[in-house]
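Colleague: quick one, what's the 3D model for this:
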Amino acid sequence: MKQKLVALDGPPPVVLLGLDFTYNVAVKLTVADVYALTHHPEVPDIYLFRNRPIRKVEICGIVIGKDERENNIIYSVDDGTGVASCVYWFPADVHQRTIRKTVPLGSLLLVNRRVSEFRGQTQITVNTIATPSDPNAEILWWLDVIHLHKNVYSKTMLVPENYMEIVAEVVKAAEDEDEPDPTLDELQKKFTAEVDKALANPNLSAPDFKPLVELFIRSRDLGVFYFKDVLGDPLLEHVAKVISSNPTRSSIGSISKKKVGSLFQQASAGLVEEGFFYQKNEDEDIYEGISHERNLGAAVLQAVRDGPIKMQQFFNLRSKEGLPLDYISLLVREQPAFAHVTYAALTRTIRKLKNDSLIIELGNNEFKSVDL
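Modeller: Residues are numbered from 1 along each chain as shown. Take a look at the predicted model:
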């Protein structure tokens, strides 16, 4: 079942900033757009453009002036919609003017970095400067901006209808400390104890069955399995018959296999919804468990590696830094097998990949593969 998406009315709350990819890339804007940016009501150094969060921008224009100082140079860049002040700070080893190289007046300049204010005036603190040699560069850049205005910036941000519940889950997962995974022997003992506890419960009902099925699969370390292997467990079958006999209290021996099978199907459907496993082959009723070691770790690592390429390919936006957890989860959940994986599971996998030195955290819940 797909989550229902709703349009977000107004600026996104702080907890949702990372859900919008415009928050993590250098967004192509005109100078007039930059001057139209407004402050986020909760985070002053985050800007808003049509209620989309902006930290970094990219502009393209002609250098019509420059003010060179001891530690920096301020370029005046005109793109036809306005003039932007772009501050470039010289590295410590090139403070001497005799060894500096600056962009000549009249050159086409492509700059990106964070938007800031100085003495009440909007300016761009430059991270990278490029002087394109392609005579069509400015026209192509403008086509990109027009396309993004029409297809990205004008669209209302969509969020899951139950996004506050998801946020609470993420926060809880982030606060939880890693605990050592229980051994199979410990899980098997726990399964037996939970079955005894369930059978002693006079109010045992269908919702109590799903956790037992999950615990059984974990205790048997089932990777790829036929669901008939689960159906055939005598303890689970006995519990299913007891549940099916309530509240009529009919004889367990008279409970049909169809009724018991229906209870197993309900439990399996619920576990698929919770991202515990997925149906690998519907015709043969084959399932595969989802875990960091088995498949989720590799999927998340691949998403971290592919994320920058997909941003460039589909949104024509470049991510100069890491990818946020929210965007990584979006890429992972695009795969049918992981469509229902929880944020808690993704957070645990991210933590394990970090501990294994396969990815690094750059701050603000942004991650990057070590081989990039």
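Colleague: excluding chain neighbours, what is closest to residue 361?
Modeller: residue 367 (5.5 Å; Cβ to Cβ, 6 or more residues apart in numbering). Placement of C-beta: from N, CA and C, glycine included.
Colleague: you'd agree that neighbour is in a strand?
Modeller: Yes: according to DSSP: H, G, I helix; E, B strand; the rest coil, the state of residue 367 is that of a strand.
Colleague: how about the longest helix seen in the chain: buried residues?
Modeller: Longest helix in the chain, counting residues (DSSP state H): helix 297-315. Using 16 or more other Cβ atoms under 10 Å as the test for burial, helix 297-315 gives 297, 299-301, 303-305, 307-308, 310-311, 315.
Colleague: same check on stretch 275-293?
Modeller: Quick answer for stretch 275-293 (16+ other Cβ under 10 Å): 275-279, 287-292.
Colleague: still on that earlier bit, need the buried residues of helix 297-315 in CSV (columns: pLDDT).
Modeller: Rendered in CSV, the data for the buried residues of helix 297-315 read as follows (pLDDT from 0 to 100):
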residue, pLDDT
297, 91
299, 92
300, 92
301, 92
303, 89
304, 89
305, 87
307, 80
308, 77
310, 71
311, 64
315, 51
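Colleague: between those residues, which is nearest residue 324?
Modeller: If you rank the buried residues of helix 297-315 by distance to residue 324 using Cβ to Cβ, residue 307 comes first, at 9.3 Å.
Colleague: doesn't residue 326 make contact with that closest one?
Modeller: No: look at residue 307 against residue 326 with Cβ atoms under 8 Å: they stay out of range, at 11.2 Å.
Colleague: counting by contacts, list what the one helix or strand residue 67 maps to packs against.
Modeller: Using DSSP states H and E, residue 67 falls within strand 56-68. Applying 3 or more Cβ pairs under 8 Å, 6 or more residues apart in numbering; DSSP states H and E, one finds that strand 56-68 contacts strand 26-28, helix 31-35, strand 72-78, strand 83-89, strand 108-118, strand 121-130, helix 137-148.
Colleague: which one of these has the lowest average pLDDT?
Modeller: Per-segment mean pLDDT for the helices and strands packed on strand 56-68 reaches its minimum on strand 121-130, at a mean of 73.
Colleague: where does the residue nearest the centre of the chain sit: helix, strand or coil?
Modeller: The centroid of the chain falls nearest to residue 326 when counting by Cα atoms, centre = their mean (1.9 Å). Judged by three-state DSSP, the three-state class of residue 326 is helix.
Colleague: residue contacts, it?
Modeller: Residue 326 sits next to 18-19 when contact means Cβ atoms under 8 Å, 6 or more residues apart in numbering.
Colleague: which residues does stretch 129-143 contact?
Modeller: Contacts for stretch 129-143 (Cβ under 8 Å, 6+ apart): 28, 60, 88, 103, 107-111.
Colleague: please redo it, this time with the cut-off set to 10 Å
Modeller: Contact with stretch 129-143 is made by 28, 30, 58-63, 73, 75, 79-80, 86, 88, 102-104, 107-113, 316, as judged by Cβ atoms under 10 Å, 6 or more residues apart in numbering.
Colleague: and that stretch, what's buried?
Modeller: 129, 138, 141.
Colleague: ok, stretch 228-244 next?
Modeller: So, applying 16+ other Cβ under 10 Å, buried residues of stretch 228-244: 230-231, 233, 235-237, 239-244.
Colleague: would you turn those residues into JSON lines with distance to residue 220?
Modeller: Formatted as JSON lines, the buried residues of stretch 228-244 follow (distance: Cβ to Cβ, whole Å):
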{"residue": "230", "distance to residue 220": "9"}
{"residue": "231", "distance to residue 220": "13"}
{"residue": "233", "distance to residue 220": "9"}
{"residue": "235", "distance to residue 220": "12"}
{"residue": "236", "distance to residue 220": "11"}
{"residue": "237", "distance to residue 220": "15"}
{"residue": "239", "distance to residue 220": "16"}
{"residue": "240", "distance to residue 220": "17"}
{"residue": "241", "distance to residue 220": "21"}
{"residue": "242", "distance to residue 220": "21"}
{"residue": "243", "distance to residue 220": "21"}
{"residue": "244", "distance to residue 220": "23"}
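Colleague: nearest to residue 265, out of those: which one, please.
Modeller: Using Cβ to Cβ, the buried residues of stretch 228-244 come closest to residue 265 at residue 231, 9.6 Å.
Colleague: is it true that that closest one touches residue 287?
Modeller: No: using Cβ atoms under 10 Å, residue 231 is not in contact with residue 287; the gap is 11.9 Å.
Colleague: done for today, thanks.
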